[in-house]
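Q: pasting a predicted model and its sequence here:
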Amino acid sequence: MAVKKITKRWMFNSLGVILVILVVLVIGFSVGIRSFYYSSVRNVMQAQASSIMTLLERSATDSSTSFSVEIQRTVGNFEEKNRMELMAIDANGNVMITSSGFESQEKLYMPDFEEAMANGTGMYQGQMEGENIMAISVASKIVDENLAAIRLVVSLERVDAQIVLLIAAVTLVGMAILFFVILSSSYFISSIVNPVGEVGQTARKIAQGDFDVRLEKKNDDEIGDLCDIINYMAEELANADRLKNDFISSVSHELRTPLTAIKGWGETMLYDQDIDRETAQKGLQVIMRETDRLSGMVEELLDFSRMQSGRMKLVMSKMDLLAELGEAVLMYTERARREGMNLIYEEPEFFAPVFGDRNRLRQVFINIIDNALKYSDPGDTVTIGAQLIEGNIVITVADTGCGISEKDLPKIKNKFYKANLTRRGSGIGLAVADEIVMMHGGRLDVASVEGEGTTVTITIPLTTKKAEETQISQVQNPLSPPQEAEEEV
């Protein structure tokens, strides 16, 4: 699951890094504070030892007082005896007198004394009788058998307790920081990771065909935008699915009607032995007409399939666009008269050379005129016109039919979309026509007022050398050699 992976990644990356940093900081602080405290104790002891040795050296120069008596007095009256112990050590390494009055018959372990005898000053830190101590010895500069060095000894138990207290405080601070990080991260998981999981679950439902599911937008951020996008996707898929179902229903109906007519007349002509020639001819005309209708629907579906897969190719040549428009108008003149509609077309006198596919452009005109008649009623008028405007040939097909509502107009060129389900048609003819016009570098616009009629405007650029080269590059397959243009019309 994606959510688990994100949580695990956060645990190992973010939380792990923070934990390591906190541990390193606590350890570093512990080492640093211990070094600071021990260094401070050592400096105090060294200063104290130097002060005592200076005092003894001054006493040695005073002949009125015995030096041994002065040593006893100095050690016995040591002001810091409550915090540290002062020892006087003779040349044999024996403790002569201490500030605490402690006397030992055994020789003490004093590596600091041995170091002081060699270097003048010595220091020792370690265990003595189970207690952590620090000792500093300073060699005497006075030539006297009774005094070889003085030694200061201090217990580090209180210092260690203070260090432990500070380390515990820092550890608590680190744990508090870690707690707040986890607390804030839990909010992160609930506000980011969990919604991502919900998005995944919703997307899975949409993929399984549930287009009614929606995400609740809780925050106005990137996750909220993602929720809006998923909801928009679900809505568009629902619309596409609905249009697809309407298309299938419409096509099924459109196919059933001519097939029923063909089958009915075929059975009549097959089983009716007394059928007269006139009736048979009428039946054959119906069969031919419905067959042409079926053929047109199949060709329309094939064109749509080619358009969707990008396999629609154009056979380009110089042509007279108005000649193809005239042929399309001629094809529908009889139908308009038969259905009680007025089809008005005054063929222009100018020549309109374009570089295009004559069959595809004729298909566009047939589709637009067929739609104009399809959405008109007896007594309505379909007017077709053409004019030259700024290097373009502009063809208009206007009808006085039922028109298109304002909410349906922006979707009219979408695939499968039918604004009026009561009229025949598959809903893809206009989408194919729009694609063909765009492949010729033109534009197809639809304007309509419900109840008043519809006007379709087709704008295609007139042929120029530059336009030919541009359009050839747009329609040729780059994987195949360029097709030679047909001869000039």
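A: Now that the structure is in, tell me what you want to look at.

Q: give the contact list for the closest residue in space to Val329 that isn't next to it in sequence.
A: Nearest residue to Val329, sequence neighbours excluded (C-beta to C-beta, 6 or more residues apart in numbering): Tyr345, at 4.7 Å. Yep, even glycine has a C-beta here, placed from its N, CA and C like the rest. The contact partners of Tyr345, by C-beta atoms under 8 Å, 6 or more residues apart in numbering, come to Gly326, Val329, Thr383, Ile384, Gly385.

Q: domain parsing for this structure?
A: Under the assignment automatic domain parsing, the domains of the chain span 2-163, 222-304, 314-475.

Q: mind checking which of the ones you listed is nearest Ala169?
A: Among those, domain 2-163 comes nearest to Ala169, with 9.8 Å by C-beta to C-beta.

Q: picking that back up, could I get the domains of the chain as TSV with distance to Met175 and mean pLDDT?
A: What follows is these, written out as TSV (distance: least, C-beta to C-beta, whole Å; pLDDT from 0 to 100):
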stretch	distance to Met175	mean pLDDT
domain 2-163	8	82
domain 222-304	31	80
domain 314-475	61	83
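
Q: distance to Ser185 added to those domains, as a markdown table?
A: As requested, these are exported to a markdown table (distance: least, C-beta to C-beta, whole Å):
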| stretch | distance to Ser185 |
| --- | --- |
| domain 2-163 | 7 |
| domain 222-304 | 16 |
| domain 314-475 | 46 |
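
Q: what's the closest of these to Val181?
A: Among the domains of the chain, domain 2-163 comes nearest to Val181, with 5.5 Å by C-beta to C-beta.

Q: who are the packing partners of the top helix by length along the chain?
A: Assignment by DSSP state H gives helix 222-271 as the longest helix of the chain. The contact analysis (3 or more C-beta pairs under 8 Å, 6 or more residues apart in numbering; DSSP states H and E) places helix 222-271 against helix 194-207, helix 277-309.

Q: and that helix, how far out from the chain middle?
A: Here helix 222-271 is found 34 Å from its chain centre; the criterion is C-alpha atoms, centre = their mean, to the nearest Å.

Q: that older thread, out of the domains of the chain, nearest to Thr171?
A: domain 2-163 (5.6 Å).

Q: chain center to the closest one: distance?
A: Remark: domain 2-163 is offset 63 Å from the chain centroid, using C-alpha atoms, centre = their mean.

Q: for stretch 436-444, buried residues please.
A: Under the neighbour-count criterion of 16 or more other C-beta atoms under 10 Å, stretch 436-444 has Ile436, Val437, Met439, His440, Gly441, Gly442, Leu444 buried.

Q: the fifth one belongs to a strand?
A: So that's Gly441. No - read with DSSP: H, G, I helix; E, B strand; the rest coil, Gly441 is coil and lies in no strand.

Q: any idea how far Glu150 is from Gln46?
A: Actually, residue 150 is Ile rather than Glu. From Ile150 across to Gln46, the span is 12 Å (C-beta to C-beta, to the nearest Å).

Q: now Glu390
A: Distance of Glu390 to Gln46, computed by C-beta to C-beta: 101 Å.

Q: for these two, indicate the residue with more neighbours.
A: More crowded of Glu390 and Gln46, by other C-beta atoms under 10 Å: Gln46, with 15 against 8.

Q: which neighbouring elements make contact with the strand or helix carrying that one?
A: Using DSSP states H and E, Gln46 sits within helix 16-60. When contacts are defined as 3+ C-beta pairs under 8 Å, 6+ apart, helix 16-60 packs onto helix 67-76, strand 84-89, strand 121-128, strand 131-139, strand 149-155, helix 157-188.

Q: and the fifth one, C-alpha only, in CSV?
A: Output of strand 149-155 as CSV, limited to C-alpha atoms (Å, rounded to 0.1, in the frame of the first residue of the first chain):
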residue,chain,number,x,y,z
ALA,A,149,55.3,17.7,47.9
ILE,A,150,51.9,18.7,48.8
ARG,A,151,48.9,16.9,47.5
LEU,A,152,45.2,17.9,47.1
VAL,A,153,42.5,15.3,46.8
VAL,A,154,38.9,15.9,46.0
SER,A,155,35.9,13.6,45.7
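
Q: Provide the strand pairings for it, with the direction of each partner.
A: Next to strand 149-155 in the sheet, as set by DSSP bridges, lie strand 84-89 (antiparallel), strand 131-139 (antiparallel).

Q: for these, which one ends up most surrounded?
A: Counting by mean count of other C-beta atoms under 10 Å, strand 84-89 has the highest mean neighbour count of the strands paired with strand 149-155, with a mean of 23.

Q: thinking again about what came up before, Asn194: which of the helices and strands packed on helix 16-60 is closest?
A: In terms of C-beta to C-beta, the element of these nearest to Asn194 is helix 157-188, at 9.8 Å.

Q: got the buried residues for the closest one?
A: Those would be Val159, Ile163, Leu166, Ile167, Val170, Gly174, Val181, Ser185, for helix 157-188 by 16+ other C-beta under 10 Å.

Q: point out the least confident one among the residues you listed.
A: Least confident entry in the buried residues of helix 157-188, by pLDDT: Ser185, with 76.

Q: OK, contacts around that residue?
A: Trp10, Ser14, Leu15.

Q: next one: the nearest residue to the first one once chain neighbours are set aside from Asn219, what distance?
A: In space, and not counting its chain neighbours, Trp10 is closest to Ser185: 6.7 Å by C-beta to C-beta, 6+ apart. Computed with C-beta to C-beta, the distance linking Ser185 and Asn219 is 17 Å.

Q: same question, Arg204
A: Distance, Arg204 to Asn219, using C-beta to C-beta: 22 Å.
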